[in-house]
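Colleague: Just need the structure, nothing else, for what follows:
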Amino acid sequence: MEYIDAYFNQQLGPEEARQFEQRISEDSNFAGEVAFYLSAKQALKEQVVLEKKEWFKELLAQNSSVNEAYHTGQVRKMWTYRVAAAAAILTCVFFAGYLFFSKSASPQQMADNYINENLKTLSVKMGARDSIQDGVRLYNKGQFDSSLQQFETILQRDSGNYLIKNYLGIVYLRLGNYDKALRYFRQLENYSTLFSNPAIFYQALTLLKRNQPGDKQKAKLLLQQVADNDLEGKQTAQQWLKKL
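Modeller: Model (predicted):
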């Protein structure tokens, strides 16, 4: 909520603001939080106006002098108290809304959010111009079919290349061919000597995205394995396990 508030108070830099606006268009869960923020802010504004009107009505009903009460600090003190109370209520509403939106995200929404934030582009080695990097560049341009063909060709020459299997799994995931994505991620799991291997986490990600009967339970087991064994994706796995 502090992040959202910073945006509307123009406290974010140009690049941060651009990323904020892009996230709204790509992340439905985040867009919901922003909508909740705006509606709650408007509700507070209306409540403040209503409280002010009611308070002055009470003063008039008691035949009190508004000016005299103001100068003696009575109105000021009461107004400060009511604004503070409204702010406290709004904070609770914000927190409850945040929990609601976080908890209500579907498995597919969680998978989509992760893909948009982490797999929209793949890292490219600066200055490198080999067949693998060409495939990565095609992927980053959104040319998934071309990048798929490039990676498949490389795999035919080098069937043991774990990096290519990782890339193929990701491309098939983006193309919506979840069975093939799972096949490559399961093959990647066999490379147990890798210092960092996302295979099990990516299998869970794919299952959440596919969201067929039984996929959620299978994904939870894989995520628990990631969390228990301190595998790549542990932090996200722990967060998702609380929501599933």
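
Colleague: Give me the buried positions along stretch 28-35.
Modeller: For stretch 28-35, a neighbour-count test (16 or more other CB atoms under 10 Å) marks 29-30, 32-34 as buried. From N, CA and C alone the C-beta is placed, and that goes for glycine too.

Colleague: Which one of these is nearest to Leu244?
Modeller: Distances from these to Leu244 were compared by CB to CB; the smallest belongs to Asn29, at 14.5 Å.

Colleague: so where's the protein shaky on pLDDT?
Modeller: Within the chain, the set of residues satisfying pLDDT under 70 comprises 43, 45-53, 55-105, 125-129.

Colleague: I'd like to know how far the residue nearest the centre of it sits from Asn29.
Modeller: Per CA atoms, centre = their mean, the C-alpha nearest to the average position across the chain is that of Asn113, at 5.1 Å. Relative to Asn29, Asn113 is positioned 6 Å away (CB to CB, to the nearest Å).

Colleague: ok, how many other residues are close to Lys180?
Modeller: Taking other CB atoms under 10 Å as the neighbour definition, Lys180 ends up with a count of 16.

Colleague: Only the buried residues of the helix or strand hosting it, if you could.
Modeller: Using DSSP states H and E, the element containing Lys180 is helix 178-189. For helix 178-189, burial by neighbour count (16+ other CB under 10 Å) applies to 178, 180-182, 184-185, 187-189.

Colleague: any idea which helix or strand comes after it?
Modeller: helix 199-210.

Colleague: quick one: Asp230 from Gln10, how far?
Modeller: Per CB to CB, Asp230 is found 41 Å from Gln10.

Colleague: now Glu189
Modeller: Per CB to CB, Glu189 is found 47 Å from Gln10.

Colleague: for Met110, same thing?
Modeller: Noted for Met110: a distance of 31 Å to Gln10, by CB to CB.

Colleague: Equivalent analysis for Thr121, please.
Modeller: Distance, Thr121 to Gln10, using CB to CB: 28 Å.

Colleague: Among those two, which residue is more densely surrounded?
Modeller: With neighbours defined as other CB under 10 Å, Thr121 and Gln10 compare such that Thr121 has more, 12 against 7.

Colleague: Could you double-check that that one lies in contact with Asn140?
Modeller: Yes. Applying CB atoms under 8 Å, one finds Thr121 in contact with Asn140, separated by 4.5 Å.

Colleague: List the contacts of stretch 207-218.
Modeller: Outside of stretch 207-218, the residues within contact range by CB atoms under 8 Å, 6 or more residues apart in numbering are 106-108, 110-112, 115, 173, 178, 182, 204, 219, 222, 240, 244.

Colleague: for the closest residue to Lys220 other than its chain neighbours, what are its contacts?
Modeller: Computed as CB to CB, 6 or more residues apart in numbering, the closest residue to Lys220 that is not its neighbour in sequence is Leu244, at 5.4 Å. If you count contacts by CB under 8 Å, 6+ apart, Leu244 has them with 107, 216, 219-220, 223.

Colleague: next one: Asn166
Modeller: Counting by CB under 8 Å, 6+ apart, Asn166 touches 184-185, 188, 198-199, 202.

Colleague: and it, what element?
Modeller: With secondary structure defined by DSSP H and E, Asn166 is part of helix 162-175.

Colleague: List the buried residues of that helix.
Modeller: 162, 164-174.

Colleague: care to break the chain down by domain?
Modeller: Following automatic domain parsing, one gets these domains for the chain: 2-104, 112-243.
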